[in-house]
Every structure is written in structure tokens, then in C-alpha cells.
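> okay, sequence plus prediction incoming.
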Amino acid sequence: MSLLAYLEFVEDCRIEDDRSKDCRRQDAEIIFTVTNLEENPKSSEGEANADRALCRFELLEAVVRLAIAKYLKVAMLATLVAYLQV
């Protein structure tokens, strides 16, 4: 998924929130970049992974990061584990 398609997805799902401190459009772009970062681009996994697009597993990671940014960072719960135990 390209950056533009990802940002359309974020907008269509109403994930971005300009009133939010942690889930604005800029934050979604940062999440895309961090998620797409390859530790070793010369490895076989790095060679198969497009440089400017998210693979399926990266998209899933980005969605989880977006959920944490939108819902957990504003919640009063200290950790993800505590939130999942509720």
C-alpha cells in the first residue's frame, strides 16, 4: 500500500483527528515511515519489501500503531497490558 493509499485509508476510516495530540495526519505519516523502515534492506526480506509501500504485515503493524496513538495515548491507562486486561 502506497503512502497516498494509506493516508486515504486513514481518512476514510476517520482515524486522523486534528484535535488530537497524538493522531493527526502528520502522526499517521510518521507511523507509515517508522513501520516501513527496514533494518537490513540488503537482506532477502528487505529485497522483497517495496521501499515506499507497506506490505501486509507492515499495514497491520501500522493499524495497531494508529489504534495506540488514537485510543491508548489519551486513555488514563498506563500500559497496553493493563488496557487489554480490562
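In hand now; what should we look at?
> my guess is Glu16 contacts Gln26. True?
No. The criterion here is CB atoms under 8 Å, and Glu16 misses it with Gln26 at 9.2 Å. In short, each C-beta sits where N, CA and C put it, glycine included.
> quick check: closest non-adjacent residue to the residue positioned nearest the centre of the chain.
Centroid check for the chain by CA atoms, centre = their mean gives Ala62 as the closest residue, at 2.5 Å. The spatial neighbour of Ala62 that comes closest, neighbours along the chain excluded (CB to CB, 6 or more residues apart in numbering), is Thr35 at 4.4 Å.
> contact partners for that neighbour?
Contact partners of Thr35, counting by CB atoms under 8 Å, 6 or more residues apart in numbering, are Leu54, Glu58, Glu61, Ala62, Arg65.
> part of a strand, is the last one?
No. The assignment for Arg65 by DSSP: H, G, I helix; E, B strand; the rest coil gives helix, which leaves it out of any strand.
> circling back to that earlier point, more neighbours: which of Glu16 and Gln26?
Glu16 (19 against 10; other CB atoms under 10 Å).
> look up how far Glu8 lies from the more buried one.
In this view, Glu16 and Glu8 are 11 Å apart by CB to CB, to the nearest Å.
> was I right about Ala62 contacting Ala53?
No. At 11.5 Å, Ala62 does not count as touching Ala53 under the criterion of CB under 8 Å.
> how about the contacts made by the residue nearest to the centre of the chain?
Tyr6, Ile31, Phe32, Thr35, Leu54.
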